[in-house]
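Undergrad: sequence plus the predicted model coming up.
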Amino acid sequence: MNSSLPTEMRASVLHAAKDVRLETRALPAVEAGQVLVKIAAVGVCGSDVHYFHEGRIGSFIVDAPMILGHESAGTIVAVGAGVAADRIGERVSIEPQRACRRCEQCKRGRYNLCPDMEFYATPPIDGAFAEYAVIEADYAFAIPDTMSFEAAALCEPLSVGIWSNQKAGVGPGSSVLIAGAGPIGIIIAQVARAFGATSIIVSDPVAERREVALRFGATEVIDPIDQDIASLNLGVDAFIDASGAEPAIRAGIFAVAPAGSVVLVGMGADDQRLPVSRIQNLELNVTGVFRYANTWPLAIELASTGAVDLDDLVTSRFDLDGVTEALAAATHPETLKVIVAPGAGTR
Ligand SMILES: [Zn+2]
Ligand SMILES: [Zn+2]
């Protein structure tokens, strides 16, 4: 370990629903094969907000104090055994997961489905609303000097956008319908454009969000309250849902051409009614997405070349002692992405 490092750090710790405290904690221990990252920027995700309000997401329950935040970037300040010391000083984007590398899913390359996955800010694994965090060395990806730490942090939601478009088979000339123009829907639209889709239709009931979608790659927007998407005969190659809302999902399935794809990204009710005969008769491919696998190199490429714009998604910033405010800001309708900057402020 680097002797110039402090022994303690500030961390924002979730104790129970609606109870986040700024605390002093010991620096996390760096195990063999890991790196210690001084965190510069962390994006606030809907899942952080959900854990804060409910203390759980489905079967994942916060029953011991846990640090939230999983969209993070910073600078390597120490390395564990077996990691090249010259990585110290490297600016990195963190892929916030640690798979077992041994199970059937890991061996087949689908490590996001590893049953033993340890993921930042998913109980009991600490996230990155802290001055320092550890990650496996090969899940810390070097970023170009020209890339901001904020953009590097947002390679995490960008990865969801990449994975969703890959699952949907979006490519040059594709037409795609995206339901929901929140941060993830906007990123999905940007990736669709970067992948060469020529018709990118985004639906959202909120006018301001439709405006944002047009700024970030949508070729057309639809107000689903105004127009019945199911009866428009859009015939798109792919429908990607980023809303989680049953009416949007049902309508989207009716907008897909025969043999097209339906990708469910948005998190809504656990059980929903789907038009099964439509799926059968048109041989639609319906799938979900659970995080992502092997997306970081492409995410860094798309963001650093300007094919996808992450910097302009940031609408507000907070210090580590403002995490409660940051989580509140994330729910405002005009918010796209909120950033917590643990390096800022005192100390
Ligand atoms: Zn996220
Ligand atoms: Zn595994």
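TA: That came through, no problem. Residues are numbered from 1 along each chain as shown. Ligands and ions are numbered 1, 2, ... in the order given.
Undergrad: and the closest residue in space to Thr331 that isn't next to it in sequence, helix, strand or coil?
TA: Taking CB to CB, 6 or more residues apart in numbering, and ignoring the residues beside it in sequence, Thr331 has Val49 as its nearest neighbour in space, at 6.0 Å. Using the backbone N, CA and C atoms, a C-beta is placed for each residue, glycine as well. With DSSP: H, G, I helix; E, B strand; the rest coil as the basis, the three-state label of Val49 is helix.
Undergrad: test my guess that Ile184 contacts Ala242.
TA: Yes. The pair Ile184 and Ala242 qualifies as a contact (CB atoms under 8 Å) at a distance of 4.7 Å.
Undergrad: which neighbours do these two share?
TA: Residues touching both Ile184 and Ala242 comprise 265-266, with contact defined as CB atoms under 8 Å, 6 or more residues apart in numbering.
Undergrad: at which residues are the helices of the stretch 1-150 of the chain located?
TA: Using DSSP state H, counting those that start in this stretch, the helices of the stretch 1-150 of the chain run over residues 46-54, 104-107, 149-153.
Undergrad: most packed of the ones you listed?
TA: By mean neighbour count, with neighbours taken as mean count of other CB atoms under 10 Å, helix 149-153 ranks first of these at a mean of 26.
Undergrad: worst mean pLDDT among the helices of the stretch 1-150 of the chain?
TA: Mean pLDDT is lowest for helix 46-54 among the helices of the stretch 1-150 of the chain, at a mean of 93.
Undergrad: neighbouring strands for the helix or strand hosting Ala259, and are they parallel or not?
TA: Taking DSSP states H and E as the definition, one finds Ala259 inside strand 256-264. When pairing is defined by DSSP bridges, strand 256-264 lines up against strand 236-241 (parallel), strand 285-288 (parallel).
Undergrad: got the contact list for that strand?
TA: With contacts defined as CB under 8 Å, 6+ apart, strand 256-264 is touched by 164, 167-169, 177, 235-241, 249, 252-253, 279, 282-289.
Undergrad: and the residue nearest to His15 when sequence neighbours are not counted, how close does it get to Ala328?
TA: With CB to CB, 6+ apart as the criterion, His15 has its nearest non-adjacent residue at 5.1 Å, and that residue is Pro65. Summarising the geometry, the distance separating Pro65 from Ala328, computed by CB to CB, to the nearest Å, is 20 Å.
Undergrad: ok, Ala192 touching Ser164?
TA: No. Counting by CB under 8 Å, Ala192 does not reach Ser164; the two are 9.0 Å apart.
Undergrad: shared neighbours, these two?
TA: Counting by CB under 8 Å, 6+ apart, the common neighbours of Ala192 and Ser164 are Ile240.
Undergrad: please identify the helix or strand for Arg250.
TA: Element membership for Arg250 (DSSP H and E) is helix 246-253.
Undergrad: quick one: contacts for the residue nearest to Ile225 when sequence neighbours are not counted?
TA: Beyond its immediate neighbours in the sequence, the residue positioned closest to Ile225 (CB to CB, 6+ apart) is Pro205, lying 5.0 Å away. In this structure, Pro205 makes contact with 223-225, judged by CB under 8 Å, 6+ apart.
Undergrad: buried subset of these?
TA: Pro224 (16 or more other CB atoms under 10 Å).
Undergrad: ok, Asp271 - how many residues close by?
TA: The burial count assigned to Asp271 is 6, neighbours taken as other CB atoms under 10 Å.
Undergrad: measure it to Asp126 for me?
TA: Distance of Asp271 to Asp126, computed by CB to CB: 32 Å.
Undergrad: cool, and Cys106?
TA: Distance of Cys106 to Asp126, given as CB to CB: 22 Å.
Undergrad: so which residues on the protein come close to ligand 2?
TA: When proximity is defined by CB under 5 Å from the ion, the chain lies next to ligand 2 at 99-100, 103, 106, 114.
Undergrad: can you rerun that using 8 Å?
TA: Applying CB under 8 Å from the ion, one finds that the chain approaches ligand 2 through 99-107, 111, 114-117.
Undergrad: and the strands paired with strand 256-264, which is most packed in?
TA: Mean neighbour counts were compared across the strands paired with strand 256-264 using mean count of other CB under 10 Å; the top stretch is strand 236-241, at a mean of 27.
Undergrad: tell me how far that strand lies from the chain's centre.
TA: On the basis of CA atoms, centre = their mean, to the nearest Å, strand 236-241 sits 19 Å off its chain's mean C-alpha point.
Undergrad: just the angle for it relative to helix 246-253, thanks.
TA: Counting by axes from the mean of the first three to the mean of the last three CA atoms, to 10 degrees, strand 236-241 lies at 170 degrees to helix 246-253.
Undergrad: format the CA atom coordinates belonging to strand 236-241 as CSV.
TA: Listed next in CSV are the C-alpha coordinates belonging to strand 236-241 (Å, rounded to 0.1, in the frame of the first residue of the first chain):
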residue,chain,number,x,y,z
VAL,A,236,-40.4,-1.2,-36.0
ASP,A,237,-37.6,-3.7,-35.9
ALA,A,238,-37.2,-3.4,-32.2
PHE,A,239,-39.1,-2.1,-29.1
ILE,A,240,-37.1,-1.2,-26.0
ASP,A,241,-39.1,-0.4,-22.9
